[in-house]
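Asks: Need a 3D model of the sequence below.
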Amino acid sequence: MTARDFRALYERLRRESARSVVDRSRGALCHVTPERVVAAVAEVRLGRTVSLAAPIETVPGPDDPEPAVHVMTGPDPDALGADGLHFATDRFAMNVHGDADSHLDALCHVVLDGELYGGVPASRVTPDGARALSVASAADGIVGRGVLLDIPRLRGVPWLEPGDQVTSDDLTAAEAAQGVRVGPGDLLFVRVGHRLRRTELGPWNAATARAGLHPAAAGFLAERKVAVLGGDGNNDTAPSTVQGISFPVHVLAIHAMGIPLMDYLQFEDLVPVCAETGRWSFLCAVAPLRLPGATGSPVNPIAVL
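Replies: Prediction:
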């Protein structure tokens, strides 16, 4: 996609979003109305819960040179066998926007031409935290109807190879094959098989090579009024197919349409349940940490089937 074509797509999606979003501070989360949350509860049939998050990495790897740090701070080893009351304590630190751990991108994460989503000045992001569009907009959680579209299943392969792209036609074909349709306010999850490939072949430098959505597939998100997009990769293909824009899907989803993204989830536990039941929609609950001013958060989305 040329830079000119990308800009035209960006401007069109930005205009469409401005017409459909009623609260710019929440972006596409406005599509998750109370009525749609109530309707999503009807998706529960088995009473079974499945995590869509991967275990947090604490060992360096080619896709995670700065892994999370988990340190046990207590009790003192000498006190473990002593009488009396003691507590086990620990401390955790994480590079939220890495290429291995499951996380949510807030609307303040993407800066383009000196602006955040909705024309908010980028200066609102300060060294002390974001003063607008932070992860605090989802402080009460995101609950709604989740839909999983399995693109490797559609193509008859275990995973998409790095550099491959998911098109709008792939998304609509997956809907037809799985007997499901993405609708307004849905939390859309697109599987490219990144996690399975990583498990089978080992980690690689995902910053330079990964499967993801073609930028034009953002039109599908706008048409269906998707509230959240989640993937088992970064959602963006690498290398980028757009001249001068490294993360075009991030720009289109977050900056143009106000759609929060969830990157590096895992669907390998969910796919067998959906395949067994023949149902690819479910109630989904996402609870980011309450981190005032943060550009994102580690996250553990839960599918309830």
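Asks: so when I look at residue 19, I'm seeing a helix, right?
Replies: Yes: applying DSSP: H, G, I helix; E, B strand; the rest coil, one finds residue 19 inside a helix.
Asks: Quick one: neighbours of it, just the number.
Replies: Here the number of neighbours of residue 19 (other CB atoms under 10 Å) works out to 7. Heads up, the C-betas are built off the backbone N, CA and C, glycines and all.
Asks: ok, now residue 279?
Replies: When neighbours are counted by other CB under 10 Å, residue 279 comes out with 17.
Asks: and if you look at residue 93?
Replies: 10.
Asks: who's in contact with the residue nearest to it when sequence neighbours are not counted?
Replies: Spatial nearest neighbour of residue 93, excluding adjacent residues (CB to CB, 6 or more residues apart in numbering): residue 69 at 4.5 Å. Listed by CB atoms under 8 Å, 6 or more residues apart in numbering, the contact partners of residue 69 are 58, 91-94.
Asks: Show the backbone phi and psi for residue 69.
Replies: Backbone torsions for residue 69, taken as degrees, to the nearest 10, come to phi -110, psi 120.
Asks: which residues does residue 148 bridge with?
Replies: residue 189 (DSSP bridges).
Asks: So it sits against residue 270, correct?
Replies: Yes: here residue 148 lies in contact with residue 270, judged by CB atoms under 8 Å, at a distance of 6.2 Å.
Asks: Which of the two has more residues huddled nearby?
Replies: residue 148 (26 against 23).
Asks: who are the neighbours in contact with the more buried one?
Replies: Applying CB under 8 Å, 6+ apart, the residues near residue 148 are 189-191, 267, 270-271, 274, 280-282.
Asks: Repeat that for residue 261.
Replies: So residue 261 contacts 104-105, 228-231, 235, 249-250, 253-254 (CB under 8 Å, 6+ apart).
Asks: Just give me the closest of those residues to residue 287.
Replies: Among those, residue 104 lies closest to residue 287 (CB to CB), at 9.8 Å.
Asks: how many neighbours does that closest one have?
Replies: Neighbours of residue 104 (other CB under 10 Å): 27.
Asks: where does the helix or strand where it lies sit relative to the chain's centre, distance-wise?
Replies: Using DSSP states H and E, residue 104 sits within strand 103-105. Its chain's C-alpha centre and that of strand 103-105 lie 6 Å apart, by CA atoms, centre = their mean, to the nearest Å.
Asks: and that strand, which strands flank it?
Replies: By DSSP bridges, strand 103-105 pairs with strand 261-263 (antiparallel), strand 296-298 (antiparallel).
Asks: I'd like these laid out as CSV, including mean pLDDT and distance to residue 170.
Replies: Below are the strands paired with strand 103-105 laid out as CSV (pLDDT from 0 to 100; distance: least, CB to CB, whole Å):
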stretch, mean pLDDT, distance to residue 170
strand 261-263, 98, 18
strand 296-298, 97, 27
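Asks: what's the spatially closest residue to residue 52 that is not a sequence neighbour in contact with, if anything?
Replies: Excluding the flanking residues, the one nearest residue 52 by CB to CB, 6+ apart is residue 301, at 4.2 Å. By CB under 8 Å, 6+ apart, the contact set of residue 301 is 51-53, 102, 146, 187, 230, 262, 265, 284-286.
Asks: Of those, which belong to strands?
Replies: Among the contacts of residue 301, the residues falling in strands (DSSP state E) are 51, 146, 187, 230, 262, 284-286.
Asks: so which of those is the most crowded?
Replies: residue 187 (30 neighbours).
Asks: I figured it hits residue 147, correct?
Replies: Yes: applying CB under 8 Å, one finds residue 187 in contact with residue 147, separated by 7.2 Å.
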